[in-house]
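# Fold the following and give me the result.
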Amino acid sequence: MKNGVNGVALGVFIFFFLAVTVMGFLAARWRRADDEHSLDEWGLGGRSFGTWITWFLLGGDLYTAYTFVAVPAAVYAAGAAGFFAVPYTILVYPLIFTFLPRLWSVSHKHGYVTTSDFVRGRFGSKGLSLAVALTGILATMPYIALQLVGIQAVLDVMGVGGGDHTNWFVKDLPLLIAFGVLAAYTYSSGLRAPALIAFVKDTLIYIVITVAIIYIPIKLGGFDDVFAKAGHAFSQVNPATGKPRGALAPPEAGQWTYATLALGSALALFMYPHSITATLSSRSREVIRRNTTILPLYSLMLGLLALLGFMAIAAGVKVTNGQLAIPQLFEDMFPDWFAGVAFAAIGIGALVPAAIMSIAAANLFTRNIYKDFIKPDATPKQEAQVSKFVSLLVKVGALVFVLTMDKTVAINFQLLGGIWILQTFPALVGGLFTRWFHRWALLAGWAVGMVYGTAAAYGVASPTQKHFGGSAKEIPGIGEIGYIGLTAFVLNVLVTVVLTVVLKAVKAPEGLDETRPEDYTADAGEPGVEAELPPATAGSTH
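As a prediction, the model looks like this:
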């Protein structure tokens, strides 16, 4: 690790950071609508984005600082187990091809802004809608925090903020500044800001990965040497566990964990509010279908990114916090100016998704808590104002989370969010295809999944944590170690199915379905589809 501040890298980083900051504020004038005071405009960009804007927005939304920092860090720490993110992003696109166009159509038809809007309209249940909204907000918080951890990792490697004994305010001041800028342009420009900045972010990422995957192995003697050194390092016994540090391929004992984590993560990814927010911002059903076919290009990039974990080992990178491994690799291997470009890619790769996530969480609060339970007669302008304010609160909460938690376990908190958000799958995806599930059964299944998933994760220990030390535990009845979220999801579905049968047998009231079969296949150009109701009120009454 170099001593002091890397001035050249810091200068390049600041240049790109200032550039995207200016873009973020200018985005308020990009595609400006006649009426800017509504969630459709501030929170969904006017539902006007075409194929390429949506592709960059979804890519910027899904492939985040988590991609650049945590996935290679997991490979650096444990080897092949960290590659679970690659198969899950391959599995997710055929899955979303089946249901995202249906969600877009029904949401466009009724003016739904959030998944909870749809759940309420489909099942006639504000209680179920509230459960989905609270889960979305809860699961999004650690995800936003992980983006801020990515920025902080870059700042630490560049030597900004002082050492561990520096006053906490001085140490965290650069992160506070980055947070302030993010909060300001998100408040001002809404979803248009990350949509515009995503072009810069993804271009930088592809440039950095292309250079890294060619340049770094050449400096290290080729991929043969990289894998040989990584294999030797993984064979060494970890004193904390008494077992080998990791493996180049998943051992037989870990295959259930690997497979269930990949499958569960694939099911969960598009349950996150930010994924749906980016989806609903597109202008047509066909835009969504096209994006499910071209987004896998990012999975190729993700596989190459994960290899950086092996390269960090081969390069002799030594860090106590695995989140610093890849930023440190870039500083050690690249010229200072290009290290600055790489750091900017990570930093902007955190700002874009953090902005979208805070907007998505704010939309959930505004539509499904504030409007449903506090002020049912809220005007479109009031909705937009509340959402802007809540987006600031969400980012403050994530910042506090980052400044007070142990940064080395940030990924575990994000995985806990995955356990939670997966429990909304039956209500959302199930509701897109069938009305058979009973609303009370869905609520009970969600509660069982949430309680089991949280309790099981709480009981997982690691060498550094007594609780929430991981997301895998023995699967009841099978005896194999598997992803807790998927086990909780199975319990959720079983409870939902059984209770649906019982509740239908006793003729429990099922609630009003305000949707019709043709709503799920409608496109923007069809008569009456632009919005059956005005966007501000559609889906808000039964």
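# which stretches of the protein form strands?
Per DSSP state E, the chain carries strands over the ranges 237-238, 243-244, 472-474, 481-483.
# Show me the one of these that comes nearest residue 515.
Between residue 515 and these, the shortest gap by Cβ to Cβ is with strand 481-483, which sits at 32.4 Å. Where you see a C-beta, it was placed from the backbone N, CA and C, and this is true even at glycine.
# Show residues contacting that closest one.
Residues outside strand 481-483 that contact it (Cβ atoms under 8 Å, 6 or more residues apart in numbering) are 253-254, 256-257, 260-261, 263-265, 471-475.
# Given that strand, what are its sheet partners and their directions?
Its sheet considered, strand 481-483 pairs with strand 472-474 (antiparallel) by DSSP bridges.
# Okay, buried residues for the partner strand please.
Across strand 472-474, burial judged by 16 or more other Cβ atoms under 10 Å covers 472, 473.
# Just give the closest residue to residue 417, not the sequence neighbours.
Leaving aside its sequence neighbours, residue 417 sits nearest to residue 139 (Cβ to Cβ, 6 or more residues apart in numbering; 3.8 Å).
# let me fix that: residue 496
residue 445 is the one closest to residue 496 (Cβ to Cβ, 6+ apart), at 3.4 Å.
# swap in residue 502?
Nearest residue to residue 502 in three dimensions, chain neighbours excluded: residue 441, at 7.9 Å (Cβ to Cβ, 6+ apart).
# now the one you found: how far from residue 505?
Using Cβ to Cβ, to the nearest Å, residue 441 is found at 12 Å from residue 505.
# Comparing those two, which shows the higher neighbour count?
Legend: neighbour count by other Cβ atoms under 10 Å for residue 441 and residue 505, higher for residue 441 (23 against 8).
# who touches the residue of the chain positioned farthest from its centre in this structure?
Ranked by distance from the centre of the chain (Cα atoms, centre = their mean), the top residue is residue 506, with 40.4 Å. By Cβ under 8 Å, 6+ apart, no residues touch residue 506.
# tell me the phi and psi of it?
Backbone torsions of residue 506, given as degrees, to the nearest 10, read phi -90, psi 10.
# okay, now the nearest residue to residue 385 once chain neighbours are set aside: neighbour count?
Leaving aside its sequence neighbours, residue 385 sits nearest to residue 37 (Cβ to Cβ, 6+ apart; 7.9 Å). Neighbourhood size, residue 37 [other Cβ under 10 Å]: 15.
# What of residue 156?
The number of residues packed near residue 156 is 24, by other Cβ under 10 Å.
# same thing with residue 413?
What residue 413 shows, counting by other Cβ under 10 Å, is a neighbour count of 20.
# Kindly report the same for residue 215.
Using other Cβ under 10 Å, residue 215 is surrounded by 14 other residues.
# got it, and residue 512?
Using other Cβ under 10 Å, residue 512 has 11 other residues around it.
# ditto for residue 455
11.
# Quick one, grab the pLDDT at it.
Model confidence at residue 455, expressed as pLDDT, equals 93.
# and it, how far is that from residue 27?
43 Å.
# my read: residue 469 touches residue 462, true?
Yes: between residue 469 and residue 462 there is a contact at 3.0 Å, judged by Cβ atoms under 8 Å.
# contacting residues around the residue nearest to residue 417?
With contacts defined as Cβ under 8 Å, 6+ apart, the neighbours of residue 139 are 272, 417, 418, 420, 421.
# count of residues packed around the second one?
Think residue 417. For residue 417, the neighbour count with other Cβ under 10 Å is 25.
# In terms of pLDDT, where does it sit?
Value for residue 417, per-residue pLDDT: 87.
# what about the residue nearest to residue 417, distance to residue 413?
Distance of residue 139 to residue 413, computed by Cβ to Cβ: 10 Å.
# what number of residues lie near the residue nearest to residue 138 when sequence neighbours are not counted?
In this structure, residue 138 finds its nearest non-sequential neighbour in residue 420, 5.9 Å apart by Cβ to Cβ, 6+ apart. By other Cβ under 10 Å, 25 other residues sit near residue 420.
# Correct me if wrong: residue 420 contacts residue 135.
Yes: using Cβ under 8 Å, residue 420 is in contact with residue 135, at 5.4 Å.
# what do those two both touch?
Contact criterion Cβ under 8 Å, 6+ apart; residues shared by residue 420 and residue 135: residue 450.
# where are the low-confidence patches of the chain?
Along the chain, segments meeting pLDDT under 70 span 1-3, 31-36, 66, 161-171, 240-242, 405-412, 524-542.
# and the longest helix anywhere in the chain, how far out from the chain's middle?
Criterion DSSP state H: the longest helix present in the chain is helix 126-157. Chain-centre distance of helix 126-157: 8 Å, with Cα atoms, centre = their mean, to the nearest Å.
# Buried residues in that helix, which are they?
Within helix 126-157, the residues that count as buried by 16+ other Cβ under 10 Å are 126, 128-137, 139-157.
# Residue 4 contacts residue 158, correct?
No: Residue 4 is beyond contact range of residue 158, at 9.8 Å (criterion: Cβ under 8 Å).
# Compare these two and say which is more crowded by neighbours.
residue 158 (24 against 7).
# and the more buried one, what is it in contact with?
The neighbours of residue 158, taking Cβ under 8 Å, 6+ apart as the test, are 5, 6, 9, 10, 13, 331, 343.
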